[in-house]
Structures are given as C-alpha cells and as structure tokens.
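Asks: 3D model of this:
(chains A and B)
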Amino acid sequence: MWETIIQITPHAIAFTIPLLIVSLGGLYSERSGVVNIGLEGFMVVGMFAGALTVSLLAPAMQGTAIWAGLLMATLAGAVFALLHAFACVTLNANQVISGTAINMVAGALTTYFARLITGSGNIVIPIAMPRHNLAYLADIPIIGEMLFSRAYASTLLALVILAVSAVLIYRTRFGLRLRACGENPHAADAAGINIYRMRYTAVIISGALASLGGAIFLVTIAGEYNGTAGGLGFLALAALIFGQWKPIGLLGATLFFGLASTIANVSRILPYLAHIPDIVLQTFPYVVTLLALVLFSRSSQAPKALGEPYDKGRR
Amino acid sequence: MGVVVEMDNIRKEFPGVVACDNISLELRQGEIHAILGENGAGKSTLMSVLFGLYQPDSGSIRVRGREVHIANPNAANRLGIGMVHQHFKLVSCFTVTENIILGLEPTRGMFIDTKLAAEQIKQLSDRYGLKVDPHALIADISVGMQQRVEILKMLYRNADILIFDEPTAVLTPQEVHELTKIMANLTAEGKSIFLITHKLREIKAIAQRCTVIRRGQWVGTVAVADASEETLAAMMVGRAVSFGVKKAQTKPGEKVLEIENLHVRGRGGVARVKGISFSVKRGEILGLAGVDGNGQKELVETLVGLRRADEGRILINNKEAGGLSVRERIAAGLAFIPDDRHKYGLILDFSLEENMILKSYHKQRFATQGLLNFTAIRAYAQKVISDFDVRSGRGAGALARTLSGGNQQKAILGREIDADPDLLIAVQPTRGLDVGAIEYVHRRLVEQRDSGKAVLLVSLELDEIFALSDRIAVISNGELVGIVNTDETDENEIGLMMTGLRREAVR
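Replies: Predicted structure coming up:
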C-alpha cells in the first residue's frame, strides 16, 4: 500500500500542478468579483501558444524552448483575458455568458490558427519538460521522495506562485483592495479604489495564470495541442469552489482531484483495486467532485459581489 | 465663527426633474447644520454634489473660502469632506481596522501594517468616545457600531466637514442618544456637520441651524432654537401638518390571529424567532416594534406562508393555519402589505391592472376556463385606482414601474384592502413615502381597524408604532420582550425594551 502511494504520488502531483495554477488564476478573477468560467478556454489558449512556441523554437533552443513556451502562453493568456475583462468590466456584460464565449472562441480561434500555421489542427511538441530530482528538496525524507524526486521544475514554480498569491492576497494593499472589490465594490469605491482597474488587473492575472497552467499541462502531460483541455479548466473551477476561494484550500482541493484521477487511471494495474468495476473507478473523480460541490456550495464562502457587474450609479 | 462651506446657487437637473433648483447655503465652523426635507426633496442630491458624487449643472462651491471643483469623492476627501451614507459601505467579512484603512493602508515594506493601523484607530476611537474594537469583524457588530466605523473612516482621513445622511434611520432610540453625544463631541473638537434628515425631533435635539428644502427649492434657513416643530414641518411640506392620527376608541372583538410558541429558523439554520406567542383581535392594531433584523422578517414570512415554522401554532379565525399554503391563507382572510414593495408587492414590469389581480386571477370573476377576462380585470383595476387615489399617468395599463413610490404603495394597499380580509399584516407600510402619502396610508389602516379588522403593524419607526397601535409588542433577538398598551408607555420604555430589557427591569 505504502509503496503504491509513493509510486502514484508523482503522477498525482503532475496532474495537480496545472490544475492548481489554473484554479489560482480563477481565484484572482473571482476574488475581484468577476466570475471566470472561461478557465478552460484560457487553458486552450495557453496550450496553443505554448505548443506553437515550443515546436518552433525547439530545434534552435532545445530545453530552453519549454520555458519560452510557458512565457509565451502566459502572455497570450493575459492578452486574451482583455476580452473577458472588456466584456465584464467595461461593458457590464453577463459574466457567465462572457466566460462561455471565451471557452468557445478559444477552441475555434486557436484551431483556425493551428491549421493556418501548421496545416493541421494538432501541434505535437517535439520535446517535453524533463523530470529531475530537485536539488536539496529531494533529500527531505518521505516528502522529498513523494514531491521532489523525479519531479518537474514546474512543481516548484507552482508552489512559488501559490505562496506568493497567499501572501499577496492576505498581506498586501493589493490583496485587501482585491478582496474588497469582490465583497463590496461600493465600499471599495467609496474608499477611493478604482474598481474597474482592479478588476481588469485581476482578470488579466487570471487569464495569464490559467494559460500558464494550460501550457504546463501541455509540456508535462498532454504533449500536444489539439483544441481542447479535456475539461480540466472546469475541474479547476470546481476546485475553486471546493477550496472555498482560499489559496491553501485550492492546494487541498486540486491535490484531492489529482489523487482521485490518478487512482482512476492506475487502478487497472493495482491488484487490490482490480475487483472494483472499472466504471466505478473511472467515474470516481467526477462523482466525488459532484458530491463535494453539492456539499460545499451550501456553506459557500464565495465573494459576496461575485458575478455582479459594478454599476456606479446604484449607490 | 468662520464659514467652512459655502454652496452658492447650486443647480442639478436629472432627466425630467430639477433635483436642486439654485440652492445656496453655508456651513459654519463647529455647527451642526440640518438639511430638512421630504423624500425626494433634493437634500441628498445637494449633499452628493458637495461630496463629489454628482457634478452641479451650475453654481459654485467654496471650501474654507477657496472656490473648489469637487470631481469625485476622493477630491472631497482631500478637501477634508467626509460622508456617512445611509447604507453603510462596509465589507462585512473584514475587520473594523481593514474597513477603515481600505484605500489608505499604512504599509511596512510590502505588507500592510495592521498593528499600527489598529493602534491609530483605537486612539481616534477613544478621543471621540466611540468605543469601537478595531479587531472586531463587521459582521459581528451591531448596526450602531457599524455606523461608528463609518464615522471613524472619515476621522481616519482627517475629515473636518462631516455629512451624515439620515444617520438615525437604522438606530434604536438609545443608539440615537449615543450618536447625539458623539456628534456633540465631534463639533466640540472643531468639526462641522451637515445632518440630512426628515425627523424634526432630532433637529430640535442637536442642530443649531436648519435649512429646509422642498421640491428642489430652498425654503429657508432658520435658527433651530427659534423654530417650533410645527413651523419646521409646515416649511417642509408646504402646508400645516396634523401630527398624529385621529383614532376613536374601539372595543377589540374576538381573536383573529393567534400564534403560540412559534419557533422559526432563518437562513443558515439560525434560530430567528424563539418561542413567540401573541394574538391580534378584531378592531385593534397591534404594533410590533423592534430594531431591524431581530426576527420580524422571519416572523412575518412565517405568518404569510413564505416560510415554515419549526414549532408552534398559527391560528387564523380559530382555525389551524400553520400548514396552509399562501393561497389558502389568503382565502382564510389574510392580507399582506410587504415592506419591500418592489420585491414582494408588485411585479414592476407588469401593468397596474395585472398587478391588481395577482392574488385573485384564478377566481371566477377574472378567469373563465383558464382564460383571463381582461374586460373584468380592467374594470376592477380602475375601481381600485379611483377608490384609493392611485395617480397613474396612463391609467390601469401603465407599468407598475412607472408609478411613484407613494402611488405604488397605494395600489398595493388597494389590492389588499379591497380583498376584504379579516387580518391585515402591514410591514413598514410607509417606508420611503412622503408626509402626504404617510398620512393617507395611516388613515386607511385606522379605517380598517375601525371597521372591525385585525391589523398587525410591523414597523421600525417608533413614531408610526405609537401613532397607530392600540397595543405594542416588542421583539428583540427573536424573543417577545413584552406587550404593553400604547397609552401606558412611552418611547423611552419601548426603546429600552427593544434592547431586550424586560418591562419590569425597565421601570
């Protein structure tokens, strides 16, 4: 049993990390009061930008191309997020509809460009992110073995982003103002905070992180861009609710989803899970997600002004 | 005494109305200057212009002798002008300190220095006798305390021209008294205050001067000491106003509504009504007094059938009604005037005639074979409109949204009274109405009582409770503190009971 846990943890972590970054992206947007169900779309944009960059630069740059891909994905996500911000913040559009549009546009637009550039709707990346034993960290007993041996560098990146986000949101001016915008924008406005600027910033960070998450998913697991993120963006959204819009909560929620999915994937080769019908194991993560959402959405800690366009006139 | 603010010929028009018609006034250093007017008279608009929320169409503002252009609230803050809004602008899941420093956070390196901020706030609080705990969560403190947080927000920003917009509307009489003292402390420290209100007694109690505004126009500025409440009221309304409602003595008949040991849970399963019992008889008005949020909402919702009781009995005309649906309760003789007429009283985008039959559309009179009979509906709506003096520009076909608040309320009143109920539950029936409409609604409610109906009046306004009720029940924290006869009590006693003190303890 212990053996198995040690064995499957790296897989679970690999799955958790992109999910974590994407849901952190969702966190910024939603804490500012803007619903972002476009996470899936941002992931697709990130995967496309990442795949294109890596496949173009890999011959010249080798491994560094991976990092260039992640950077380009982040930038592409930030730019693409302007669309969502413009609709939700400037035009006061319905945020769910805008998010849905983001999801649809992302898939269609990137597929179109992929065909235009490469002649096919898929972009396979020639190299993937390598696994290393991370210096020092891998030597920590148990945790080191589970988290940092044969790990992706992106794991460390994600944990750094998580820590920075937690501090930013709870300890700094920016964070206090961000949370105020999501809880009571009228109060924030009265305190002289520019709601529109805060929400634009938050949505842009949101798109950037979600696309980065998509690109990490590409270079660690997916290996190719094919116009979809396989619903991972929606899972990240679920993690956001499950984690109650808190950075540490997100870590727990995504880790849980990561483990559940990995168990489902490897169940066939684990002898003591073999007698459980396949369908139970395969649907396990989704059923649990559904149950968790039903349970957690009742005692929801969602930002109070989430989804409400800010209308200056209605004081 | 120097003059700190001069507003000169301020004019502000909104589409179709002149909210401020060339109004001039000045605020002297260290005074409390009341702005008196009915709802919609333009007093809030005038102060919003001073606070930078609106730009005047013409006129000028001088602050401490210097002509200024106040583009937005931030500009007002920089000029030392602060405002306590009627609806507080607080983040309920933040602490007092976080709310106060928001937008002006002291930092230490990259991080907010909460400790320093809390100390500063504690000092300010002590200096003006506000007794606010900087570390408390807004969600955990009383409305009165929340208002003090709003005051601290202004003080933290070094404001010395303070605007209070209807500050007492949400307070108990005792909290009002405390606020009066705080305002006196503030002026003693050199602050100058604009007080927006329509309550004459408050003006008499704390203000030095009073400017009266009627329909956007300046009526006069008077020294409060030289003016009686009657003069001020006449200036405000434009005619002599009768205080109080004429009521004949009646003899209450049998019980129409009886509730026994009612327990109700509110949102999130919190007990909001805890074992309340009382009855309302024919020919009486029972006033239910209490500070907002003490279980009145849940109690009323349970009585009208929008919410289920966990325990206890509700009897209407001696018949068990606790299990009845809303429609069955209406059939049993219950009528309901809700406090939020936009949410529960009317469908704003329906016409007036459709709104008039919301509770009776299924009756044979208005529908045959499942099809609405619009001729009958229109005739009926026109009758209610003329009986209850509902002024609608386009008659029964007008959308409810297009009516003024007073006329919307008259329409609801008409619908509910015309159904000839045995029991009328009226919640805040005059909320947001002007003096004329208030008089009308009060007269109609007393008329119902005189014709032998039972009336349960739920109100946050003690004046209204005292003007109408035969008996007063006081609710606090979901419990019935006591029931007293109106002519055997006074506002002070009821006010103390509203804080949860039993009558025996009050005396």
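Asks: Could you list the buried residues of the strand or helix carrying residue B:233?
Replies: Assigning secondary structure by DSSP states H and E places residue B:233 in helix B:229-237. Using 16 or more other C-beta atoms under 10 Å in any protein chain shown as the test for burial, helix B:229-237 gives B:232-237. C-beta coordinates here come from the backbone N, C-alpha and C atoms, glycine included.
Asks: want to try JSON lines for these, with distance to residue A:76 and pLDDT as columns?
Replies: JSON lines is the format used below for the buried residues of helix B:229-237 (distance: C-beta to C-beta, whole Å; pLDDT from 0 to 100):
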{"residue": "B:232", "distance to residue A:76": "66", "pLDDT": "87"}
{"residue": "B:233", "distance to residue A:76": "67", "pLDDT": "83"}
{"residue": "B:234", "distance to residue A:76": "69", "pLDDT": "85"}
{"residue": "B:235", "distance to residue A:76": "66", "pLDDT": "88"}
{"residue": "B:236", "distance to residue A:76": "62", "pLDDT": "85"}
{"residue": "B:237", "distance to residue A:76": "64", "pLDDT": "79"}
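Asks: Check those residues and tell me the two furthest apart.
Replies: Comparing every pair within the buried residues of helix B:229-237 by C-beta to C-beta identifies B:232 and B:237 as the most remote, at 9.8 Å.
Asks: Assign a three-state SS to residue B:60, would you?
Replies: Three-state assignment for residue B:60 (DSSP: H, G, I helix; E, B strand; the rest coil): strand.
Asks: And residue B:34, by the same measure?
Replies: Residue B:34 - assigned by three-state DSSP - is strand.
Asks: just checking, it touches residue B:204?
Replies: No. Applying C-beta atoms under 8 Å as the test, residue B:34 and residue B:204 come out as separate, 9.4 Å apart.
Asks: who has more neighbours, those two?
Replies: The neighbour comparison of residue B:34 against residue B:204 (other C-beta atoms under 10 Å in any protein chain shown) goes to residue B:34, with 30 against 16.
Asks: Please name the residues that touch the more buried one.
Replies: By C-beta atoms under 8 Å, 6 or more residues apart in numbering or on different chains, the contact list for residue B:34 reads B:195-197, B:202-203, B:207, B:209-211, B:224.
Asks: Which entries within those residues meet the buried criterion?
Replies: B:195-197, B:202-203, B:207, B:209-211, B:224.
Asks: and of the residues you listed, the nearest to residue B:173?
Replies: Nearest member of these to residue B:173, counting by C-beta to C-beta, is residue B:202, at 10.8 Å.
Asks: pLDDT score assigned to the closest one?
Replies: Among the per-residue scores, residue B:202 shows a pLDDT of 85.
Asks: Residue A:130: what's it in contact with?
Replies: With contact set as C-beta under 8 Å, 6+ apart, residue A:130 has these partners: A:63, A:152.
Asks: any idea how far it is from chain B?
Replies: 34 Å (C-beta to the nearest C-beta, to the nearest Å).
Asks: intersection of neighbour lists for residue B:34 and residue B:204?
Replies: Counting by C-beta under 8 Å, 6+ apart, the shared contacts of residue B:34 and residue B:204 are residue B:224.
Asks: rewinding a little: extract the CA atoms of the next helix or strand after the helix holding residue B:233 and return them as CSV.
Replies: Remark: after helix B:229-237, the chain's next helix or strand is strand B:255-265, criterion DSSP H and E. What follows is strand B:255-265, C-alpha atoms only, in CSV (Å, rounded to 0.1, in the frame of the first residue of the first chain):
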residue,chain,number,x,y,z
LYS,B,255,-59.1,36.9,18.3
VAL,B,256,-58.4,36.8,14.5
LEU,B,257,-54.7,35.8,14.6
GLU,B,258,-53.3,33.8,17.4
ILE,B,259,-49.8,32.4,17.5
GLU,B,260,-48.4,30.1,20.1
ASN,B,261,-44.8,29.3,20.9
LEU,B,262,-43.6,30.0,17.4
HIS,B,263,-40.1,28.9,16.5
VAL,B,264,-38.6,29.8,13.1
ARG,B,265,-35.1,29.3,11.7
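Asks: Strand B:255-265 close to chain A?
Replies: No. With C-beta under 8 Å from any C-beta of the partner chain as the measure, strand B:255-265 is seen stopping short of chain A, the closest distance being 14.5 Å.
Asks: For that strand, name the packing helices and strands.
Replies: strand B:271-281, helix B:296-304, strand B:311-316, strand B:454-459 (3 or more C-beta pairs under 8 Å, 6 or more residues apart in numbering or on different chains; DSSP states H and E).
Asks: what's the model's confidence in stretch B:384-394, averaged?
Replies: Taken as a whole, stretch B:384-394 has a mean pLDDT of 85.
Asks: Run a quick neighbour tally on the closest residue to chain A within the stretch 201-350 of chain B.
Replies: In the stretch 201-350 of chain B, the residue found nearest to chain A is residue B:268; the distance is 8.1 Å by C-beta to the nearest C-beta. As a burial measure, residue B:268 scores 7 neighbours (other C-beta under 10 Å).
Asks: Equivalent analysis for residue A:194, please.
Replies: Other residues within reach of residue A:194, judged by other C-beta under 10 Å, total 15.
Asks: Skip ahead from the helix or strand of chain A with the lowest mean pLDDT and say which helix or strand is next.
Replies: Here the helix or strand of chain A ranked lowest by mean pLDDT, DSSP states H and E is helix A:143, holding a mean of 76. On the C-terminal side of helix A:143, the closest following helix or strand by DSSP H and E is strand A:151-152.
Asks: Domain map for chain B?
Replies: B:3-237, B:245-333+B:423-507, B:345-420 (automatic domain parsing).
Asks: where does chain B dip in pLDDT?
Replies: For chain B, the stretches flagged by pLDDT under 70 are B:1, B:241-245, B:503-507.
Asks: Contacts made by stretch A:186-202 with the rest, please.
Replies: For stretch A:186-202, the surrounding residues in contact (C-beta under 8 Å, 6+ apart) are A:28-29, A:31-34, A:82, A:85, A:88-90, A:177-178, A:180-181, A:185, A:310, A:312, A:315, B:73-74, B:77, B:85, B:89-91, B:99, B:102-104, B:153.
Asks: related to what we said a few turns ago, packing partners of the least confident helix or strand of chain A?
Replies: Judged by 3+ C-beta pairs under 8 Å, 6+ apart, helix A:143 is in contact with no other helix or strand.
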